[in-house]
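Engineer: test case, fold it:
(one chain, ligands or ions: 1)
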Amino acid sequence: MLKIVHTGDIHLDSPFSGLDERRASVRKTELRGTFSSLMTFVRTEGVDILLIAGDFFDRGFVTRETLAIIQREFSRVPDCRIIISPGNHDPYVPGGLYARVKFPQNVYIYKDPAFSKFEFPEINCDVYGYAFTGESLTSSPISKTEDNGRIRLLCAHADLDSPASPYAPVTSSQIALAGFDYAALGHIHNPPALSESDGCIFGYCGCLEGRGFDETGVKGAYYIEIGDDGKKSVRRLPFAKRRYESESVNVSGASSSLEIKERIKQLIRERKYTDNTLLRVTLTGELLPTLVISPETLADGIDEVFALEVRDETSPALNIDYLDSDPTVRGAFYRELKGRLADPDPAVRATALRALRYGLSAMAGENIVD
Ligand SMILES: [Mn+2]
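Structural biologist: Numbers count the residues shown, from 1 in each chain. Modelled structure (predicted):
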């Protein structure tokens with residue numbers, strides 16, 4: 001039986017720039033830790049082939065610390081063949097990272113955009129692939145493979161079924177007809193489920209750890225077993241230390257920031273989010289124009305999750321049209337903002353709304369700091 005792990009889009013040394021310095025530093029360490037967890041699985045399960053389908057690194061460099069971990073982890077599994085297919089974030093370039101670093105002997109890296117294979121007759125398997133050698137690869141390198149009786153795998157960074165994509169526009173039918181048993185793809189971080197066609201299972205593994213609110217859910221890798229009779233089984237393995245989640249809360253009718261804060265806490269309780277979650281909460285609904293909220297301070301003191309980002313997308317409650325005919329400075333102020341309150345750009349609307357709230361509160365003699 002052949003044991004395979006399919007990963008990719010690990011993006012080691014990602015800056016996690018969406019977080020404050022302390023949390024970013026924690027996440028950088030955790031990302032390396034998740035990679036180590038994956039390698040522990042490879043070691044303890046006796047995995048034969050580890051496929052890394054591109055974007056192993058986030059950029060064209062690696063920190064000394066990360067490199068030391070990679071070298072150590074790869075050296076600890078000398079019997080596992082590690083195949084790396086450089087992607088658009090970590091292309092194979094002369095003098096670049098992949099060319100300079102001396103990896104252990106069990107590491108195989110494609111160097112060329114041309115379709116090629118690494119042969120492993122001792123385990124009756126060939127692994128096909130190619131390398132990005134720059135930020136883009138505008139045509140599909142995949143062609144039909146020859147049946148030599150071995151199991152045929154693909155390890156590639158590609159943009160499936162996007163004909164105009166500059167990131168290796170490979171098609172599902174090319175993959176299905178090429179003769180692979182399993183095609184391990186990288187590039188899409190939030191992938192759909194794997195597909196199956198003409199005896200080939202193929203698809204994306206997604207990223208190993210989420211790095212932002214566009215990468216939600218529990219991230220991980222695939223573990224594939226191919227029996228001597230050709231029977232395949234695929235299992236999803238959740239490796240990520242933490243997950244990103246995005247929620248919206250309707251805060252219509254809330255009369256104070258405290259009340260809004262309570263609704264956020266209630267959501268966290270209901271969804272059972274804990275310290276392993278980075279949460280974005282978008283506030284929706286209608287609020288009194290005089291209620292001034294500050295998304296930054298709303299997140300203060302809510303420590304149930306690892307990180308909380310609050311976004312204000314509320315709109316002014318009640319009919320504020322009366323301000324249109326208000327002869328006082330309030331009316332003049334409203335009319336000044338009116339165009340921007342209806343702007344197609346939500347960011348412009350949000351700013352105008354905050355300005356309206358601050359202005360009306362100030363004119364009412366209220367404390368505008370909540
Ligand atoms: Mn990627």
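Engineer: alpha carbons only for contacts and neighbour counts from here, please
Structural biologist: Fine.
Engineer: need the residues of the protein near the ion, please.
Structural biologist: When proximity is defined by Cα under 5 Å from the ion, the chain lies next to the ion at Asp9, Asp55, His187.
Engineer: what would these look like in CSV with pLDDT, secondary structure and neighbour count?
Structural biologist: Output for the residues of the chain next to the ion, formatted as CSV (pLDDT from 0 to 100; DSSP: H, G, I helix; E, B strand; the rest coil; neighbours: other Cα atoms under 10 Å):
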residue, pLDDT, secondary structure, neighbour count
Asp9, 98, coil, 27
Asp55, 98, coil, 25
His187, 98, coil, 25
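Engineer: Ser248 touches Gly285, doesn't it?
Structural biologist: No: the pair Ser248 / Gly285 is not scored as a contact, 9.9 Å apart, by Cα atoms under 8 Å.
Engineer: so who does the residue lying closest to Tyr98 once chain neighbours are set aside touch?
Structural biologist: Leaving out its chain neighbours, the residue that sits closest to Tyr98 by Cα to Cα, 6 or more residues apart in numbering is Tyr92, at 6.0 Å. If you count contacts by Cα atoms under 8 Å, 6 or more residues apart in numbering, Tyr92 has them with Pro86, Tyr98, Ala99, Tyr110, Lys111, Asp112, Ala131, Phe132, Thr133, Gly134.
Engineer: just Ile4 next, same as before
Structural biologist: Applying Cα under 8 Å, 6+ apart, the residues contacting Ile4 are Val47, Asp48, Ile49, Leu50, Leu51, Tyr223, Ile224, Glu225.
Engineer: name the SS class of it, please.
Structural biologist: Put simply, Ile4 is strand when judged by DSSP: H, G, I helix; E, B strand; the rest coil.
Engineer: can you list the weak-confidence ranges in the stretch 251-370 of the chain?
Structural biologist: Low-confidence segments of the stretch 251-370 of the chain, defined by pLDDT under 70: 317-320, 364-370.
Engineer: middle-most residue in the chain, spatially?
Structural biologist: The centre of the chain sits closest to Glu215, judged by Cα atoms, centre = their mean, with a distance of 3.3 Å.
Engineer: what about it, distance to Gly96?
Structural biologist: 28 Å (Cα to Cα, to the nearest Å).
Engineer: and Gly203, how far from Ser139?
Structural biologist: 19 Å.
Engineer: those two: which is more packed in?
Structural biologist: For the pair Gly203 and Ser139, the greater number of neighbours falls to Gly203 (23 against 16), based on other Cα atoms under 10 Å.
Engineer: can you classify the more buried one as helix, strand or coil?
Structural biologist: Look at Gly203: counting by three-state DSSP, its state is strand.
Engineer: please name the nearest non-neighbouring residue to it.
Structural biologist: Closest to Gly203 by Cα to Cα, 6+ apart is Leu194, at 4.7 Å.
Engineer: the one you found touches Phe202, doesn't it?
Structural biologist: Yes: contact between Leu194 and Phe202 holds when scored by Cα under 8 Å: they sit 5.6 Å apart.
Engineer: can you count the residues close to the closest residue to Asp312 other than its chain neighbours?
Structural biologist: Spatial nearest neighbour of Asp312, excluding adjacent residues (Cα to Cα, 6+ apart): Leu283 at 5.0 Å. Residues lying near Leu283 (other Cα under 10 Å) number 22.
Engineer: would you agree Leu283 falls within a helix?
Structural biologist: No: applying three-state DSSP, one finds Leu283 to be strand, outside a helix.
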